[in-house]
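Asker: Curious how this folds, go ahead:
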Amino acid sequence: MARYTGPKTKIARKFGEAIFGEDKSFEKRNYPPGQHGNTRRRGKKSEYAIQLMEKQKAKYTYGILERQFRNMFKKATAASGLTGEVLLQLCESRLDNVVYRMGISPSRSGARQLVSHRHITVNGKLVNIPSYSLKAGDVVAVREKSKSLETIERSLSNSSHVYEWITWNNDTKEGTYVSIPARIQIPENINEQFIVELYSK
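Answerer: Numbers count the residues shown, from 1 in each chain. Prediction:
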């Protein structure tokens, strides 16, 4: 399988930040992995290395493969507006990401699984494609039969994040993707300009 399924803390340490959410193991060792740990002298990174690192960070954060990501970049290039900002907005409008943002799942990989296993509906219809692109005004809900799932209940009870571009009703277990988020509203620590520079070479 092409998607990364290995230890997430190792990847988080590579980028120097907990990109997969709260991680106690990362907090203990928040330096790059490797035999010599924190003592190894690391030379100055080239411009290309920095740009590549940023692209890899974005891909791992949103759980997107290279071909999908490149296609999204092409789409962002063709759209009006800043390419980097549009690219992140496309990542944010994916169904698996919105399910994660609504608190239905504690992680994007968990959200992807919920979508794939047909637990989520969009505008009343079952959608099992994690990369499905939502439009402003779309209503995302937990399927009636899945509302009592323990994993969903637990995730919702622990969720405390509030995003301006999303509304959520805990009683009906449905929310609305109100609008496409502006760059300032996207909390991910990604320098999208580096990604644009890398793909534009």
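
Asker: next SSE after the helix-or-strand element of the chain with minimal mean pLDDT?
Answerer: Lowest by mean pLDDT, DSSP states H and E among the helices and strands of the chain is helix 24-28, with a mean of 51. The element immediately downstream of helix 24-28 (helix or strand, assigned by DSSP states H and E) is helix 47-62.

Asker: which helices and strands does that following helix pack with?
Answerer: helix 8-15, helix 66-78, helix 83-92, helix 192-199 (3 or more Cβ pairs under 8 Å, 6 or more residues apart in numbering; DSSP states H and E). Any C-beta I mention is one placed from the backbone N, CA and C, and that applies to glycine too.

Asker: Mean confidence (pLDDT) on it, please.
Answerer: Mean per-residue pLDDT for helix 47-62: 91.

Asker: what residues go with each domain of the chain?
Answerer: 8-90+188-199, 94-179 (automatic domain parsing).

Asker: Kindly compare burial across those domains and name the winner.
Answerer: domain 94-179 (a mean of 17; mean count of other Cβ atoms under 10 Å).

Asker: Mind checking which residue lies nearest the centre of this protein?
Answerer: Closest residue to the average C-alpha location of the chain: Tyr62 at 3.0 Å, with Cα atoms, centre = their mean.

Asker: Flag the shaky bits of this structure, pLDDT-wise.
Answerer: Applying pLDDT under 70 to the chain flags residues 1-43.

Asker: Thought Ile195 was touching Phe73, still the case?
Answerer: Yes - the pair Phe73 and Ile195 passes the contact test of Cβ atoms under 8 Å, sitting 7.4 Å apart.

Asker: what sits in contact with each of these two?
Answerer: Contact criterion Cβ atoms under 8 Å, 6 or more residues apart in numbering; residues shared by Phe73 and Ile195: Leu87.

Asker: if we can go back for a sec, tell me how far the residue nearest to the centre of the chain lies from Arg70.
Answerer: When distance is defined by Cβ to Cβ, to the nearest Å, Tyr62 is 14 Å away from Arg70.

Asker: And Ile195, by the same measure?
Answerer: 11 Å.

Asker: same deal with Gly84?
Answerer: Gly84 is 14 Å from Arg70, by Cβ to Cβ.

Asker: can you pull the contacts of Lys173?
Answerer: By Cβ under 8 Å, 6+ apart, Lys173 lies in contact with 104, 141-142, 147, 152, 156.

Asker: And Asn158, by the same measure?
Answerer: 103, 106.

Asker: And it, its phi and psi?
Answerer: Per-residue torsions, Asn158: phi -90, psi -10 (degrees, to the nearest 10).

Asker: Check Asn128 too.
Answerer: According to degrees, to the nearest 10, Asn128 has phi -120, psi 30.

Asker: Likewise for the one 10 residues further on?
Answerer: When read as degrees, to the nearest 10, the backbone of Asp138 gives phi -70, psi 140.
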